[in-house]
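**Q** Sequence isn't available, so here's the structure alone:
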């Protein structure tokens, strides 16, 4: 088992463990003593991973199960209200604990629920997708969507712990594995030339789910995400580098009503954003994305003017200027104004 510790700003004196290993879910109550000392435990889970949630409940028999329909549309005010009311009816209090079980949608939603119920209660993250393990569950960002933008309502609320059980990935569809790899390619391209080269050299083994290669890339990506989030908890500096591909990607998701999934949208967004500023790293990033069978071209059924309009709701917009983060070269991140003329020219 690998332990990575997230240290929040020193003056807050907050830290919590991120455990990475195989078959950890079966040990969850022993690994985290706070489960036994909580007044009550609620397992909030994506309906698609009910088996994992029930396994946890079998270890914590008094825990209550609360399921959430799969899909990004569940990151909504209506779902938030339903879950909060359920917690209230079941008499959750400030000493209760929520265990969030699912992918990025669920950990975003569940973290936000924990941040607002009774002005904040404890929660743990048990991500069940590769994307959730290396990105969404780490760093304390929580939120729900508005029609105008993803994660437009949210908070920073850190978990008590994160459990990454790679055994869960055995049943993950191959397409979702590839989508999680998009996030690893993203963080490597922006922050770590060594990890990017490791991916280039070992991508077949990772796609083949060979445990040593898969665990290695997960650990490296987690350590990178932790380092950036520790240095810039509130997403005002270096942590913005993790938004590479997401400015265009979020617009694609919204305009297609989430018919294009997050991983695919970010893959397309990475290349579109690099095209707009003529990044020298574009060929290597495109080749690696194509090696995992991810799309790299803008959808032909979208109007590029609509994409630009949607991008203006992005959180990095400053004084009306859309800003993006891209690698000038592998491992060399920059924050630049998005060049709309080049984007339009490349996607006529």
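**A** Nice, I can see it. Model, not experiment: these values are computed from the prediction.
**Q** what residues are up against the residue nearest the centre of the chain?
**A** Nearest to the geometric centre of the chain sits residue 136, at 2.0 Å (Cα atoms, centre = their mean). If you count contacts by Cβ atoms under 8 Å, 6 or more residues apart in numbering, residue 136 has them with 103-104, 107-108, 127. Every C-beta, even on glycine, is put in place using the N, C-alpha and C of the backbone.
**Q** so the nearest residue to residue 339 once chain neighbours are set aside, which of the three states?
**A** Among residues not flanking residue 339 along the chain, residue 276 sits closest, at 4.4 Å (Cβ to Cβ, 6 or more residues apart in numbering). Three-state assignment for residue 276 (DSSP: H, G, I helix; E, B strand; the rest coil): helix.
**Q** OK, contacts around residue 276?
**A** Taking Cβ under 8 Å, 6+ apart, one finds 324, 338-340, 342-343, 346 in contact with residue 276.
**Q** and what of residue 150?
**A** Contacts for residue 150 (Cβ under 8 Å, 6+ apart) come out as 72, 75, 250, 253-254.
**Q** Helices of the stretch 51-200 of the chain, residue ranges please.
**A** 77-89, 104-116, 130-131, 174-191, 193-207 (DSSP state H, counting those that start in this stretch).
**Q** Out of the ones you listed, which gets nearest to residue 157?
**A** helix 104-116 (3.4 Å; Cβ to Cβ).
**Q** Give me the helices and strands touching the closest one, please.
**A** Here helix 104-116 touches strand 41-46, helix 77-89, strand 97-102, strand 122-127, strand 141-146, strand 149-156, going by 3 or more Cβ pairs under 8 Å, 6 or more residues apart in numbering; DSSP states H and E.
**Q** Distance to residue 262 and mean pLDDT for those - can I get that in a markdown table?
**A** As requested, these are exported to a markdown table (distance: least, Cβ to Cβ, whole Å; pLDDT from 0 to 100):
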| stretch | distance to residue 262 | mean pLDDT |
| --- | --- | --- |
| strand 41-46 | 14 | 98 |
| helix 77-89 | 17 | 98 |
| strand 97-102 | 13 | 98 |
| strand 122-127 | 14 | 98 |
| strand 141-146 | 12 | 96 |
| strand 149-156 | 9 | 93 |
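**Q** could you dump those to TSV with distance to residue 240?
**A** Putting the helices and strands packed on helix 104-116 into TSV (distance: least, Cβ to Cβ, whole Å) gives the following:
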stretch	distance to residue 240
strand 41-46	28
helix 77-89	26
strand 97-102	25
strand 122-127	22
strand 141-146	12
strand 149-156	14
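**Q** Give me whichever of these is most buried.
**A** strand 97-102 (a mean of 29; mean count of other Cβ atoms under 10 Å).
**Q** Please work out which residues outside that strand touch it.
**A** Here strand 97-102 makes contact (Cβ under 8 Å, 6+ apart) with 28, 34-35, 38, 40-46, 48-49, 52-53, 56, 63, 68, 106-107, 109-111, 113-114, 121-129, 132, 137, 159-160.
**Q** Just give me the closest of the contacts of residue 150 to residue 13.
**A** Relative to residue 13, the closest of the contacts of residue 150 is residue 75; by Cβ to Cβ it sits at 31.3 Å.
**Q** does residue 337 really touch residue 321, like I thought?
**A** Yes. Counting by Cβ atoms under 8 Å, residue 337 does reach residue 321; the two are 5.3 Å apart.
**Q** List the first helix or strand encountered after the longest helix along the chain toward the C-terminus.
**A** Looking across the chain with DSSP state H, the single longest helix is helix 211-231. As assigned by DSSP states H and E, the chain's next helix or strand after helix 211-231 is helix 246-255.
**Q** For that next one, name the packing helices and strands.
**A** So helix 246-255, by 3+ Cβ pairs under 8 Å, 6+ apart, packs with strand 149-156, helix 262-277, helix 304-311.
**Q** The ones you listed: which one's closest to residue 332?
**A** Among those, if distance is taken as Cβ to Cβ, the winner is helix 262-277, at 12.6 Å.
**Q** Just want the angle from the following helix or strand past the closest one to helix 262-277.
**A** The first helix or strand that comes after helix 262-277 along the chain, using DSSP H and E, is helix 282-291. Interaxial angle of helix 282-291 relative to helix 262-277 (axes from the mean of the first three to the mean of the last three Cα atoms, to 10 degrees): 160 degrees.
**Q** List of residues touching helix 282-291?
**A** 182, 185, 189, 196, 199-200, 203, 267, 270-271, 274-275, 296, 327, 330.
**Q** mind checking pLDDT for residue 11?
**A** What the model reports as pLDDT for residue 11 is 59.
**Q** what do you get for residue 320?
**A** Model confidence at residue 320 (pLDDT) stands at 87.
**Q** swap in residue 329?
**A** In this prediction residue 329 is given a pLDDT of 97.
**Q** Settle this for me: it is touching residue 196, isn't it.
**A** No. Using Cβ under 8 Å, residue 329 makes no contact with residue 196, being 10.4 Å away.
**Q** Going by neighbour count, which residues of the helix or strand bottoming out on mean pLDDT in the chain are buried?
**A** The helix or strand of the chain with the poorest confidence is helix 340-346; it has a mean of 90 (mean pLDDT, DSSP states H and E). Neighbour counts using 16 or more other Cβ atoms under 10 Å place 343, 346 of helix 340-346 among the buried residues.
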